[in-house]
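S.K.: Provided below for reference: sequence and predicted model.
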Amino acid sequence: EDQVTQSPEALRLQEGESSSLNCSYTVSGLRGLFWYRQDPGKGPEFLFTLYSAGEEKEKERLKATLTKKESFLHITAPKPEDSATYLCAHRPGGGATNKLIFGTGTLLAVQP
Amino acid sequence: DTGVSQDPRHKITKRGQNVTFRCDPISEHNRLYWYRQTLGQGPEFLTYFQNEAQLEKSRLLSDRFSAERPKGSFSTLEIQRTEQGDSAMYLCAGTGPQGPSTGELFFGEGSRLTVL
């Protein structure tokens, strides 16, 4: 069964302490790996799309990368405002489905 | 602001009652999704519309759940005979024709349901 697994479940960083979040996938025929940010009590906010191994996308302090088995969200010199839950998702291959399947997320807390 | 509004933001109901949620995307969003999210979990797919046509529905969705999108604009999600297990955040997302491919969905702020 196609699925994405995120780790760690929670991560606490000091401001300026760089780290990475992981999203591993067992998906046949990947049709996109997506990253979202979700603040408490809000809907998810789209960040990145990755389609093929080796691809990278950047936005401010965030960089997403993709290999054949996993994706990483690298956070460089994080600030307290980067605190949020980060979700990865994929669109299942095979068939004509348009749904996105989300992981359980990584809760990131950045302390000043 | 994604332009997707949901109403009500919070709903408290007693078990057995019916509830309805409304989602208003922007006019460019001809694709619309409903998701459900419980604490500590990622959003769980419920259903997908392309214009007014409901093209996909989760097999996990019981018959108590029904969704409509008349005229391809706003959408409603109704839950009949609510159960305590229905307590969750119900999220609506709109997107354009390329949205399913790019994965860029525009979520509303959600409707939080509490069933007592």
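M.R.: Received it, and whenever you're ready, just let me know what you need.
S.K.: residue ranges of the strands in the chain, please?
M.R.: Chain wasn't specified; assuming chain A. Here chain A has its strands, by DSSP state E, at A:3-7, A:10-14, A:19-26, A:33-38, A:45-50, A:56-59, A:62-66, A:70-75, A:84-90, A:101-102, A:106-111.
S.K.: oops, chain B please
M.R.: B:5-7, B:10-13, B:19-24, B:31-37, B:44-50, B:53-57, B:65-68, B:75-79, B:88-95, B:106-107, B:111-115.
S.K.: mind checking these for the one nearest to chain A?
M.R.: strand B:106-107 (3.0 Å; CB to the nearest CB). Every C-beta, even on glycine, is put in place using the N, C-alpha and C of the backbone.
S.K.: and the closest one, does that touch chain A?
M.R.: Yes - on the criterion CB under 8 Å from any CB of the partner chain, strand B:106-107 is in touch with chain A at B:Phe106, B:Phe107.
S.K.: which residues touch A:Leu21?
M.R.: The contact partners of A:Leu21, by CB atoms under 8 Å, 6 or more residues apart in numbering or on different chains, come to A:Gln6, A:Ser7, A:Pro8, A:Leu11, A:Phe72, A:Leu73, A:Ile75, A:Tyr86, A:Thr106, A:Leu108.
S.K.: mark which of these are buried, thanks.
M.R.: A:Gln6, A:Leu11, A:Phe72, A:Leu73, A:Ile75, A:Tyr86, A:Thr106, A:Leu108 (16 or more other CB atoms under 10 Å in any protein chain shown).
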